[in-house]
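Novice: 3D model of this:
(chains A and B)
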Amino acid sequence: SQTIHQWPATLVQPVGSPLSLECTVEGTSNPNLYWYRQAAGRGLQLLFYSVGIGQISSEVPQNLSASRPQDRQFILSSKKLLLSDSGFYLCAWRGENQPQHFGDGTRLSIL
Amino acid sequence: GQQLNQSPQSMFIQEGEDVSMNCTSSSIFNTWLWYKQDPGEGPVLLIALYKAGELTSNGRLTAQFGITRKDSFLNISASIPSDVGIYFCAGFNAGGTSYGKLTFGQGTILTVHP
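Specialist: Okay, the predicted model is just below:
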């Protein structure tokens, strides 16, 4: 069966520091991968999606970037975090003609 | 971007009561999904609907894909305290250049009083 892992579960970072959140999927090949941000427990905003290695599409302009160095690995990064980057970050995967399945998320707090 | 119109935004009910929530869209989807999110966790898929008019059950949950393909509803029967959470509807069009991107409703916050 397929599983998705996100880490870390929680992260507290100072303003201006770099960020790296990782997401990996097991039990499937060539999934579509997605990064979302959720503010205040409502409304999932799609940040990036990827349909293959090295292929990244950005949905909204922002201080973040994404990379997909391997088929089942998706990374969310920032060079310098802003206060407004705080939130709950969710990774999701999808197989062909299947619904999306989400990871457990990373709670990011910027101080 | 587009967002589905999900209602109600919140519900406060007594344990044992039935719950109904719905989603409407201005455009057609060929797949409707219902997710539940517990505090501090990611959304979990409850029900997926693939055909207009389809009625699907998952335990005490029942969901329907509207005939017009522009709406869906979710019913929960005999609610229990663990039903507490946020319920999201989502629509997408499989295939083509949509890449499986979901359009979400705003969510329904469900509170169940014992």
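Novice: so who does the most centrally placed residue in chain A touch?
Specialist: Note on chain A: the residue nearest the mean C-alpha position is A:Trp35, at 3.4 Å, using C-alpha atoms, centre = their mean. Counting by C-beta atoms under 8 Å, 6 or more residues apart in numbering or on different chains, A:Trp35 makes contact with A:23, A:46-49, A:66, A:74, A:76, A:89-91. C-betas here are computed from N, CA, C, even on glycine.
Novice: then A:Val12?
Specialist: A:109-111.
Novice: again, only this time at 6 Å
Specialist: A:Val12 makes contacts with A:Ser109, as judged by C-beta atoms under 6 Å, 6 or more residues apart in numbering or on different chains.
Novice: beyond the helix or strand containing it, next helix or strand please.
Specialist: Counting by DSSP states H and E, the element that carries A:Val12 is strand A:10-13. Using DSSP H and E, the helix or strand that follows strand A:10-13 towards the C-terminus is strand A:19-26.
Novice: so how far is the helix or strand following that next one off the chain centroid?
Specialist: Using DSSP H and E, the helix or strand that directly follows strand A:19-26 along the chain is strand A:32-39. Centroid separation for strand A:32-39 versus its chain: 5 Å, with C-alpha atoms, centre = their mean, to the nearest Å.
Novice: again, but for stretch B:42-51
Specialist: 8 Å.
Novice: could you dump that stretch to CSV, C-alpha only?
Specialist: Extracted in CSV, the C-alpha atoms of stretch B:42-51 (Å, rounded to 0.1, in the frame of the first residue of the first chain):
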residue,chain,number,x,y,z
GLY,B,42,-3.7,16.2,7.3
PRO,B,43,-7.1,15.7,5.5
VAL,B,44,-8.2,12.1,5.2
LEU,B,45,-10.2,11.0,2.2
LEU,B,46,-13.7,9.8,3.2
ILE,B,47,-15.5,9.2,0.0
ALA,B,48,-14.8,9.6,-3.7
LEU,B,49,-17.6,10.0,-6.3
TYR,B,50,-16.9,9.4,-10.0
LYS,B,51,-20.3,9.4,-11.7
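Novice: buried ones in that stretch?
Specialist: Across stretch B:42-51, burial judged by 16 or more other C-beta atoms under 10 Å in any protein chain shown covers B:42-43, B:45-49.
Novice: near chain B, which residues of chain A?
Specialist: A:32, A:42, A:44, A:49, A:51, A:90, A:94, A:97, A:99-100, A:102-105 (C-beta under 6 Å from any C-beta of the partner chain).
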